[in-house]
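1. take this sequence and fold it.
(one chain, ligands or ions: 1)
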Amino acid sequence: MKIRLGENCYGKNAVQLSKIIRRPAYHEFRQISVNVSLKGDFEEAHTLGDNAKILPTDTQKNTVYALARDHFKTSIEDFALHLVHHFVTTQPQVSEATVEIAEHAYHRLLLDGAEHPHAYISGGQEKHTTLVRKDAESISVSSGISDLLILKTTDSAFEKYIKDQYTTLKETSDRILATKCTVSWMYDKLPADYSQQFDSIRELLLRTFAGHKSLSVQQTLFAMGRAVLEAHAGVKEISLEMPNKHHIPFNLEQFNIPHENEIFIATDEPYGLISATVLRD
Ligand SMILES: O=c1[nH]c(=O)c2[nH]c(=O)[nH]c2[nH]1
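-> Model prediction:
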């Protein structure tokens, strides 16, 4: 029997890096988590235990910190581009490098109507993400958002679905729509300013979510994806994952308390998980 090595890759995950950029008037604080993954000629490392072509994952981690001083100054996309270029060009055995970065949102504290020069508040769980992949011929960049917790208190319905012998769900023309969105979009044409693209796409996603008269999470997801593709010619496709964070009306009638769709139980699990990719035809 012939046994062979299939697809393989290796790298360092969850490299936690914080940076202070000391500007004359204020400090900029950035906090990121970086994953590095390399593909290439690692056959003998697996089959013979020969590490001659192995750049240790510890060195990969150190490289992230070392290059951050001069090359993490603007967007996470620009830093990831620099890192993949470094690994592919300095390591001949590496045929493809992938760098994923997630940036935690921190905002300068707003005190007495002004931003504090060096005190910050967390923007919650939301993260700006990127995945950059490079091989000898090509480079691909996708950007996104994870853990974007959004909710609306009306303009969301769910009606006229299949009913069979197991259906108990009541139709509703007015429910809470809450989700913790994960979004990623792939650039066709690499933009000059990734941060500006990110801010503009994030705003459009939120604006569409807020303004949409939703007949289902599926329909709202598609509307959000379509809005981004219509407004951003440089985006090739966009994928969204929208868990339905159910808020179930609490039955106050059992206590003879009059109510008008005001009191709910937020349930974490089980939850509906709606996901799709929206792309140009
Ligand atoms: O927007 C929704 N889509 C569904 O597919 C679904 N299924 C369900 O039970 N509630 C909902 N809501």
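
2. and residue 222, which of the three is it?
-> Secondary structure assignment for residue 222 (DSSP: H, G, I helix; E, B strand; the rest coil): helix.

3. quick one: the strands in this structure?
-> In the chain, strands defined by DSSP state E lie at 15-22, 27-40, 94-111, 114-135, 139-152, 177-187, 235-244, 247-249, 264-266, 272-279, listed in chain order.

4. redo the ones you listed as JSON lines? Include mean neighbour count, distance to the ligand and mean pLDDT.
-> C-beta here means a position set from N, CA and C on the backbone, and glycine is covered the same way. Formatted as JSON lines, the strands of the chain follow (neighbours: other C-beta atoms under 10 Å; distance: least, C-beta to the nearest ligand atom, whole Å; pLDDT from 0 to 100):
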{"stretch": "strand 15-22", "mean neighbour count": "13", "distance to the ligand": "36", "mean pLDDT": "98"}
{"stretch": "strand 27-40", "mean neighbour count": "19", "distance to the ligand": "31", "mean pLDDT": "98"}
{"stretch": "strand 94-111", "mean neighbour count": "18", "distance to the ligand": "27", "mean pLDDT": "98"}
{"stretch": "strand 114-135", "mean neighbour count": "16", "distance to the ligand": "22", "mean pLDDT": "98"}
{"stretch": "strand 139-152", "mean neighbour count": "18", "distance to the ligand": "13", "mean pLDDT": "98"}
{"stretch": "strand 177-187", "mean neighbour count": "21", "distance to the ligand": "8", "mean pLDDT": "98"}
{"stretch": "strand 235-244", "mean neighbour count": "20", "distance to the ligand": "5", "mean pLDDT": "98"}
{"stretch": "strand 247-249", "mean neighbour count": "15", "distance to the ligand": "11", "mean pLDDT": "95"}
{"stretch": "strand 264-266", "mean neighbour count": "12", "distance to the ligand": "14", "mean pLDDT": "97"}
{"stretch": "strand 272-279", "mean neighbour count": "14", "distance to the ligand": "5", "mean pLDDT": "98"}
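
5. which residues of the stretch 151-281 of the chain lie near the ligand?
-> Residues of the stretch 151-281 of the chain lying close to the ligand by C-beta under 6 Å from any ligand atom are 158, 169, 216, 217, 218, 244, 272.

6. so can I have CSV of the residues you listed showing distance to residue 180?
-> Formatted as CSV, those follow (distance: C-beta to C-beta, whole Å):
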residue, distance to residue 180
158, 18
169, 21
216, 17
217, 12
218, 17
244, 10
272, 12
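
7. find the closest residue to the ligand in the stretch 51-200 of the chain.
-> Residue nearest to the ligand within the stretch 51-200 of the chain (C-beta to the nearest ligand atom): residue 158, separated by 4.3 Å.

8. now stretch 259-277 - C-alpha only, CSV.
-> What follows is stretch 259-277, C-alpha atoms only, in CSV (Å, rounded to 0.1, in the frame of the first residue of the first chain):
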residue,chain,number,x,y,z
HIS,A,259,-49.2,43.9,26.3
GLU,A,260,-48.2,45.1,22.9
ASN,A,261,-45.2,43.1,21.7
GLU,A,262,-42.9,44.7,24.4
ILE,A,263,-41.5,41.9,26.6
PHE,A,264,-39.2,39.2,25.1
ILE,A,265,-36.9,36.4,26.2
ALA,A,266,-33.6,36.6,24.4
THR,A,267,-32.4,33.0,23.7
ASP,A,268,-28.9,32.1,22.8
GLU,A,269,-29.4,28.5,21.7
PRO,A,270,-30.5,26.9,19.6
TYR,A,271,-30.2,29.7,16.9
GLY,A,272,-31.0,29.9,13.2
LEU,A,273,-27.9,30.4,11.1
ILE,A,274,-28.3,32.1,7.8
SER,A,275,-25.4,32.4,5.4
ALA,A,276,-24.8,33.2,1.8
THR,A,277,-22.4,34.6,-0.8
